[in-house]
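K.L.:
sequence and predicted model, in that order:
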Amino acid sequence: MVGTGVPDDAGVFRLRPDLAIVQTVDFFTPVVDDPYMFGQVAAANALSDIYTMGAVPVTALNLVAYPVCKLGADTLKAILEGGCDKVAEAGAVILGGHSVEDEEPKYGLAVTGVVHPDQLITNSGAAPGDILVLTKPIGTGVLATALKGGLLSEAEEKALAEQMAELNAAAAQVMREVGVNACTDITGFGLLGHMREMAANSGVDMELDPSKVPFLPRAKELAEEGLVPGGAYRNREHFGQYVEISGELPTVISDLLFDPQTSGGLLMAVPAEKSQQLLEGLHNSGVTASPVGRVLSSGQGKILIRES
């Protein structure tokens with residue numbers, strides 16, 4: 001059903017008329033210092049693709065690369081406990097996994113979810129007039145870069161880890177109840193990169209209002225100090241040709257819009273008449289959400305940045 005044509009967040013295979021499986025895999029190197037929280041973040045990041053597709057996670061497999069002689073078994077145990085607890089929070093189970101010896105630790109999951117084929121949500125259904133709603137503020141790449149440089153306090157590191165470890169489960173539940181036309185999660189391509197992917201796959205152009213985009217505390221300050229990860233520049237190089245800026249856009253905001261995210265929020269394209277219901281449902285569920293743009297007419301996947 002999904003995976004052999006346009007790129008999406010996960011692959012989907014129909015088992016029978018009323019049931020499809022959704023599969024995804026993701027793993028990466030540590031983005032926080034605490035091993036337990038690293039496991040939590042990595043698991044939440046992998047689970048997010050399942051939620052993005054409107055599915056529910058059911059099983060997962062651990063993926064581990066680890067220098068056991070260098071870092072010891074206790075650190076690995078903490079990473080796995082963090083992942084296991086996050087998977088349990090999602091209502092899924094870990095069935096096993098695979099590990100290899102590596103010089104640098106890496107952790108993640110291969111996740112399987114289920115969805116009724118009629119309730120599947122892809123990143124290719126955005127329609128002209130839709131409102132774009134974003135959950136979770138932007139800036140994890142910049143803050144993670146600052147963390148590596150020892151520039152975050154313990155409280156700031158804890159807040160960053162907690163945001164990245166937050167499941168997109170509640171947002172996905174509201175999304176399924178209200179009904180949206182398209183969804184993607186904001187991860188390595190940054191907000192503009194994932195917007196471009198959704199726009200291109202949907203055959204539309206989109207408008208983004210940068211004044212409506214929520215940013216993490218200190219994200220602007222740290223970006224102004226040059227703590228912008230290399231991935232942001234690569235995203236700009238790849239996706240910048242599809243972005244048109246109307247008026248003045250500060251460099252720091254541009255950097256953050258291309259900032260690669262870890263376990264970011266959902267970007268949903270919802271019919272205008274349902275947008276208020278979606279926003280109210282998200283807020284009532286404790287999910288931070290903002291209307292950040294809209295879908296314009298049919299097009300080639302251009303992104304227009306303009307304040308309304």
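P.N.:
Alright, I've got the coordinates. Numbering: from 1, shown residues only.
K.L.:
show me where this protein has its strands.
P.N.:
Under the criterion DSSP state E, the chain contains strands at 11-16, 19-28, 56-66, 93-101, 106-115, 131-135, 182-185, 204-208, 243-245, 266-270, 289-298, 303-305.
K.L.:
kindly reformat those as JSON lines containing mean pLDDT.
P.N.:
Below are those laid out as JSON lines (pLDDT from 0 to 100):
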{"stretch": "strand 11-16", "mean pLDDT": "96"}
{"stretch": "strand 19-28", "mean pLDDT": "97"}
{"stretch": "strand 56-66", "mean pLDDT": "98"}
{"stretch": "strand 93-101", "mean pLDDT": "97"}
{"stretch": "strand 106-115", "mean pLDDT": "98"}
{"stretch": "strand 131-135", "mean pLDDT": "98"}
{"stretch": "strand 182-185", "mean pLDDT": "98"}
{"stretch": "strand 204-208", "mean pLDDT": "98"}
{"stretch": "strand 243-245", "mean pLDDT": "96"}
{"stretch": "strand 266-270", "mean pLDDT": "98"}
{"stretch": "strand 289-298", "mean pLDDT": "96"}
{"stretch": "strand 303-305", "mean pLDDT": "98"}
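K.L.:
redo the ones you listed as a markdown table? Include mean neighbour count.
P.N.:
No exception for glycine: its C-beta is placed from N, CA and C like everyone else's. Output for the strands of the chain, formatted as a markdown table (neighbours: other Cβ atoms under 10 Å):
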| stretch | mean neighbour count |
| --- | --- |
| strand 11-16 | 14 |
| strand 19-28 | 19 |
| strand 56-66 | 20 |
| strand 93-101 | 12 |
| strand 106-115 | 22 |
| strand 131-135 | 24 |
| strand 182-185 | 26 |
| strand 204-208 | 23 |
| strand 243-245 | 15 |
| strand 266-270 | 27 |
| strand 289-298 | 19 |
| strand 303-305 | 22 |
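K.L.:
export those strands as TSV, with columns for distance to L147.
P.N.:
Below are those laid out as TSV (distance: least, Cβ to Cβ, whole Å):
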stretch	distance to L147
strand 11-16	33
strand 19-28	15
strand 56-66	21
strand 93-101	26
strand 106-115	17
strand 131-135	22
strand 182-185	22
strand 204-208	27
strand 243-245	28
strand 266-270	24
strand 289-298	25
strand 303-305	28
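K.L.:
which one of those strands lies closest to F258?
P.N.:
Nearest to F258, of all these, is strand 243-245, at 8.9 Å by Cβ to Cβ.
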